[in-house]
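Asks: can't give you the sequence, but here's the structure:
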């Protein structure tokens, strides 16, 4: 059964793309369900960081479920409706106030690559394989999606992966800046869990302010809300968490942040 599975472990919320018989290919219903799933975790006060990952160790997401294309993308109207659902899914991680981390094992191609690009941070095992096969399928890739890749890896690397439609490995993805960290397969579960937990233990107001500012600088100048970014930064300095952070530093202990 193809589905999204949402769970929470401590302060880490996880959305699992589960369609293992098709290497976690994403159905229309899964695309459509992602914004609500992310919004629910974003609204959960106990959640400090959100992780998107795939079911099993063979695939993060192998792209859209091509078996649905004839039925759901066979006409211009159907294609537009399908594309809107996918774009809403891509926008959802960026619209979250909390950090969204793509945790990648195995295959990450097509729609999986696009969704990973929409996350704030991408970490992977060294067995991960990446590809943007649009040019092999005759698909047009929207300008908004192209810009999303350019924001992450720049125009030259974006041109490379789209023009060639080649596969590239985790080391190459790290080199081009698509990935933040790569861990050996044998250590991935431990290291990825530790990284996500580390993020979840940091001051929520600081994380939210940093993410908001990053998102503003990625927008066109006329659309940036730097005034709100400044207010969020100011709120950090007057927060109880800032006081706790100072005290913990002086007392040489781990801070306990409450998000206020």
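Replies: Cool, the structure landed. The model shown is predicted, which means the values in this text are computed figures rather than measured ones. Numbers count the residues shown, from 1 in each chain.
Asks: burial count for residue 82?
Replies: 19 (other C-beta atoms under 10 Å). All C-beta spots, glycine's among them, are computed from the backbone N, C-alpha and C.
Asks: element containing it, please.
Replies: helix 76-95 (DSSP states H and E).
Asks: does residue 54 really touch residue 106, like I thought?
Replies: Yes - Residue 54 is in contact with residue 106 according to C-beta atoms under 8 Å; the separation is 7.3 Å.
Asks: common neighbours of these two, please.
Replies: Counting by C-beta atoms under 8 Å, 6 or more residues apart in numbering, the shared contacts of residue 54 and residue 106 are residue 60.
Asks: between the two, which has more neighbouring residues?
Replies: residue 54 (26 against 21).
Asks: in contact with that one, which residues?
Replies: 16, 17, 18, 24, 60, 61, 104, 105, 106, 112.
Asks: which strand residues bridge it?
Replies: Beta-bridge pairing of residue 54 under DSSP bridges involves residue 17.
Asks: from the contacts of residue 54, which land in helices?
Replies: residue 112 (DSSP state H).
Asks: contact partners of the helix holding residue 82?
Replies: Taking C-beta under 8 Å, 6+ apart as the rule, helix 76-95 contacts 28, 31-32, 34-35, 38-39, 50, 52, 64, 71-73, 100, 111, 114-115, 118-120, 142, 144-145, 148, 215.
Asks: now do stretch 164-180
Replies: 104, 116-117, 121-136, 152-154, 157, 160-161, 181-182.
Asks: mean confidence for stretch 221-233?
Replies: For stretch 221-233, the mean pLDDT works out to 97.
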